[in-house]
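*Asks:* Next input, structure requested:
(3 chains)
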Amino acid sequence: MNAPIPPRIRDAWYVLAWSHEVGRKPIVRKLYGEPITLFRASNGEVGALVDRCPHRGVPLSGGVVVGDRLQCPYHGWEFTCSGRCEAIPSFLGDPDHVGRRAQAHAVREQQGVVWVWGRAGAEPTEEPFHFEYAGRAGYTEIRHDVQADATVHAVAENALDVPHTAYLHGGLFRNADVRNRITAEVRRWHDHVECEYIGEPRPTGIVARILSPSGGIVTHYDRFFLPSIVQVEYRIGDENHFVITAAGTPADDYDTRLYAVVALKSRIPGFVFRVLKPLGLRVFAQDAVILAQQTENTHRFGEEVYASTEVDLIGPHILKLMRRAERGDLGPQKAEPWTRSVEMDV
Amino acid sequence: MNAPIPPRIRDAWYVLAWSHEVGRKPIVRKLYGEPITLFRASNGEVGALVDRCPHRGVPLSGGVVVGDRLQCPYHGWEFTCSGRCEAIPSFLGDPDHVGRRAQAHAVREQQGVVWVWGRAGAEPTEEPFHFEYAGRAGYTEIRHDVQADATVHAVAENALDVPHTAYLHGGLFRNADVRNRITAEVRRWHDHVECEYIGEPRPTGIVARILSPSGGIVTHYDRFFLPSIVQVEYRIGDENHFVITAAGTPADDYDTRLYAVVALKSRIPGFVFRVLKPLGLRVFAQDAVILAQQTENTHRFGEEVYASTEVDLIGPHILKLMRRAERGDLGPQKAEPWTRSVEMDV
Amino acid sequence: MNAPIPPRIRDAWYVLAWSHEVGRKPIVRKLYGEPITLFRASNGEVGALVDRCPHRGVPLSGGVVVGDRLQCPYHGWEFTCSGRCEAIPSFLGDPDHVGRRAQAHAVREQQGVVWVWGRAGAEPTEEPFHFEYAGRAGYTEIRHDVQADATVHAVAENALDVPHTAYLHGGLFRNADVRNRITAEVRRWHDHVECEYIGEPRPTGIVARILSPSGGIVTHYDRFFLPSIVQVEYRIGDENHFVITAAGTPADDYDTRLYAVVALKSRIPGFVFRVLKPLGLRVFAQDAVILAQQTENTHRFGEEVYASTEVDLIGPHILKLMRRAERGDLGPQKAEPWTRSVEMDV
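*Replies:* The predicted structure is shown next:
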């Protein structure tokens, strides 16, 4: 049995690397299973070429940057960042020809991030996501990327799901024994969905204690933005503001990389990060294990049919938005979101 | 080329474990490639659930037994041995709902064996096989399970085949040099087939010498019972009776486990078993190697067409019965079996 | 995405082994993915049987040679070099029967090489290729076989391609910096293609210096003969003649073995070979790496569409001949070849 094909949103920006990772030595990243080589030309521009020379099909990533061009290691053909072939050694004719161009992806480099458009040879129809709190005054920032053997949808749903924390991460965030009844309000726009948790006391786990030792009113939002960006925002009291924004990249259908930018306003940001980062990575490691098992079962059973309840607050909406984006039809952009209130125990 | 699909008999009982292997910590066994988790509830009942939570598809075998229910490790959903969902943490509604049930296989535990019905969600139409000599007065018993990378049919045919013993196991049972002409009588009923070897002297190999040092008249039967049970019975002289009965379980199409119950009446059962068990395991190890090669060639050549002669006494009949059982039509149950006599050299 | 199927020319001879490799102990070689067992019968004849016993499908290569027959390790069936079944132990009837024959390939052993006809059970329509300089007076000879994870076409094209040498093997043959304008004349007959390089000075790399320290006029031919034989011929000055002829064997679609016979006329053949052999193997190792990458990309991208220029002198012609041979129609045999002159830099 074959695993079902999860949504593939081609006409969108994805993070393929942090800026500092891309230099003159070409690197290879994947997007929906397609290897793309990233390199920095002498003029500083970043190229993102499909990792296949049009001549004999070998990976261009084995080549070297010569001026503003990437040179194939086999016969020395040279390609610009836009894929144009500008040198064919031995050959006395004009190298440029439509059939001899490398396939190129559009690239944007901003906020230290290399974004690549999902469809080779296509003109982007919008600009990449802006990390709102990155570099903002009063905020401290860390960046990190992690990987899970699961679909972008499963990773995004997991990142924004509250009920599993009491089980999979028992003790770290919440406990199954201590329960509070709250109201969750879900709001869905044409391209993003948000959940606000109303009446939530400061969670009892160690993570919340570190984030705000003095307690205080909790404001908690979980958000998803198309094509694959997740955001968790916590305000605890007046002084503590924590926003983690992570862009999900489908390296392959069941191989997702998350590029996370974490912004923190706190009196003691250094201490908080020193404690939170290893805890966060431990939590993600637990998620990665269960997500890989979910994927393994998808392959074993050849299906991805899930039975949801109303406390699966965001996951089904993410899938709805992704399916629409895959079809290229997000529907009308309304001022007021679709909303729903759900009572639940956390 | 793809390997052909061997018969898959779903409406039948298969041994998935010995009783002592199933406790509160869930274990995973496969049947026709489907992972099934076995666990023992607090009331002693054994549950056999398809190893996939209906919520997000993760393996239930990673969870823990809570009372009489198995709890999913991801979000804490809880399922009874019959698959009913009885707890969904965070959710304030009624957990039970047809779409939220785990798929369950019927279970019978008898004679220290855990039998599981081959079709999930189905009501068994008969009771499991009874090991006739297990626990019988005057008999000593050992149990053991082994595995081969081959179809149930290939394993069963191999277990009941005489001619290969002089070649693959040369010296252990029989020698290619010493030949005796005997008559084999094959009898096929609607659900089992038997072969009696008439006029067979005590084989010259070491196994027969140990079983009966003093010689004597040999009675030898090989039997196959649907869906996949093989039996070899030897009487040598008055005092020695040896019956090995092994239930074959198709963990996957080309991955068969044999659960063997060996009953022995002998003056010196302890000595016989001490010598026979390592010999038997050595013989099976040789069989497992050739069976794995047979499977490898099935995959390489994409076919399982075999050229038989009349000295392939039982194999073709096993296939006939298995094909009928797969279709669910064994034909009429006659009092007299179909019979055939074959002269051959052993 | 599945890789495209490269040409499969069945009605042709392929080298499966050097003569000295085939003895009484059966060995296994593959052709187009099919395992073939080679063995030498007591009468000296070489048998090439498809490595599957018709009885239960196990590999015959696990058996032993008994007289002029190969005996299956499972039940002891015995097969002649032509595949005829001449012994079935236990069975009292006539063993020979059309359904009980092993599939046999025709074999020719000449010039120390074991050639096998590509189609089992078929009568060869021609005799194998003759290595013209093998064993010729005044010539010294070495033989060697190498392997690459690539199609026969990709390996043959690579072996006869000049432009890549300045890049992939930079410094060994030619340098990208030093360029000479020459004329290449391509001549294609119905079953082979040749390229003569006119006006080529002695290449500047170390290989050419060793081959001819004193320089001199260079004559250089590259040739391809159906189904998969490549030849590179160099004459430098009067005294140095170097001919490497390599027969390509498609062990599988993307697994090619090259059986090379290298003939050399030189004043100092021992010295030349001592230096050239490790250099040649180093060059081939570089080729094998890039060829494996080409294959990997064929599998990744599911296509083998190549953009050629006129300096891909021979590769497109090889493919044309191979496609015709696959269809079994080479077209009329003309006295004059199709020719083309190409100016290029080397």
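
*Asks:* and the residue of the stretch 101-250 of chain A found nearest chain C, how many neighbours does it have?
*Replies:* Chain C sits closest to residue A:101 of the stretch 101-250 of chain A, with a gap of 8.7 Å, by CB to the nearest CB. The C-beta positions use only the backbone N, C-alpha and C, and glycine is treated the same way. Neighbour count of residue A:101, defined by other CB atoms under 10 Å in any protein chain shown: 18.

*Asks:* Could you pull up the residues touching the closest residue to it other than its chain neighbours?
*Replies:* Once flanking residues are discounted, residue A:101 sits nearest to residue A:83: 4.6 Å by CB to CB, 6 or more residues apart in numbering or on different chains. By CB atoms under 8 Å, 6 or more residues apart in numbering or on different chains, the contact set of residue A:83 is A:49, A:101, A:102, A:103, A:104, A:121.

*Asks:* which of the residues you listed lies closest to chain B?
*Replies:* Among those, residue A:103 lies closest to chain B (CB to the nearest CB), at 32.9 Å.

*Asks:* what about that closest one, neighbour count?
*Replies:* Residues within reach of residue A:103, counting by other CB under 10 Å, total 17.

*Asks:* so how far is chain C from the residue nearest to residue A:101?
*Replies:* To chain C, residue A:83 is 12 Å away according to CB to the nearest CB, to the nearest Å.

*Asks:* So that residue: helix, strand or coil?
*Replies:* Secondary structure, DSSP: H, G, I helix; E, B strand; the rest coil: residue A:83 is coil.

*Asks:* pLDDT at it, what is it?
*Replies:* Here, the pLDDT recorded for residue A:83 equals 98.

*Asks:* do the one 5 residues further on as well
*Replies:* Looking at residue A:88, its pLDDT is 97.

*Asks:* Likewise for residue A:4?
*Replies:* Looking at residue A:4, its pLDDT reads 86.

*Asks:* which residues touch it?
*Replies:* Contact partners of residue A:4, counting by CB under 8 Å, 6+ apart, are A:298, A:302, A:303, A:304.

*Asks:* Among those residues, name the ones in strands.
*Replies:* Assigned to strands by DSSP state E, none of the contacts of residue A:4 qualify.

*Asks:* Quick check: the two most widely separated of these?
*Replies:* A:302 and A:304 (8.9 Å; CB to CB).

*Asks:* which one of the two has more residues nearby?
*Replies:* Neighbours per residue (other CB under 10 Å) separate residue A:302 from residue A:304, with residue A:304 holding more: 20 against 11.

*Asks:* Would you mind listing what in the stretch 201-346 of chain A touches chain C?
*Replies:* Within the stretch 201-346 of chain A, no position is near chain C by CB under 8 Å from any CB of the partner chain.

*Asks:* For the stretch 201-346 of chain A, just list every one of the strands.
*Replies:* With DSSP state E, counting those that start in this stretch as the criterion, the stretch 201-346 of chain A has strands at A:218-225, A:229-236, A:240-252, A:255-265, A:338-345.

*Asks:* ok, and for the fourth one, which residues are buried?
*Replies:* Meaning strand A:255-265. A:255, A:256, A:257, A:258, A:259, A:260, A:261, A:262, A:263, A:264, A:265 (16 or more other CB atoms under 10 Å in any protein chain shown).

*Asks:* Going by neighbour count, which residues in stretch A:237-247 are buried?
*Replies:* So stretch A:237-247, judged by 16+ other CB under 10 Å, has buried residues A:237, A:240, A:241, A:242, A:243, A:244, A:245, A:246, A:247.

*Asks:* With stretch A:118-126 instead?
*Replies:* Buried residues in stretch A:118-126, counted by 16+ other CB under 10 Å: A:118, A:120, A:124.

*Asks:* Same list, the residues you listed, but as a markdown table with distance to chain C and pLDDT please.
*Replies:* Formatted as a markdown table, these follow (distance: CB to the nearest CB, whole Å; pLDDT from 0 to 100):
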| residue | distance to chain C | pLDDT |
| --- | --- | --- |
| A:118 | 17 | 98 |
| A:120 | 11 | 98 |
| A:124 | 23 | 98 |
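
*Asks:* Nearest to chain B among these?
*Replies:* Closest approach between the buried residues of stretch A:118-126 and chain B, by CB to the nearest CB: residue A:118, at 26.1 Å.

*Asks:* For that closest one, give me its contacts.
*Replies:* A:9, A:10, A:11, A:12, A:13, A:14, A:31, A:32, A:105, A:227.

*Asks:* Could you report the separation of the closest residue to it other than its chain neighbours from residue C:245?
*Replies:* In space, and not counting its chain neighbours, residue A:118 is closest to residue A:10: 4.4 Å by CB to CB, 6+ apart. To residue C:245, residue A:10 is 49 Å away according to CB to CB, to the nearest Å.

*Asks:* try residue A:229
*Replies:* Note on residue A:229: its distance to residue C:245, by CB to CB, is 60 Å.

*Asks:* Tell me the one among the contacts of residue A:4 nearest to residue B:223.
*Replies:* residue A:302 (37.2 Å).

*Asks:* The closest one is in contact with residue A:2, isn't it?
*Replies:* Yes - between residue A:302 and residue A:2 there is a contact under CB atoms under 8 Å: 5.9 Å.

*Asks:* Done for today, thanks.
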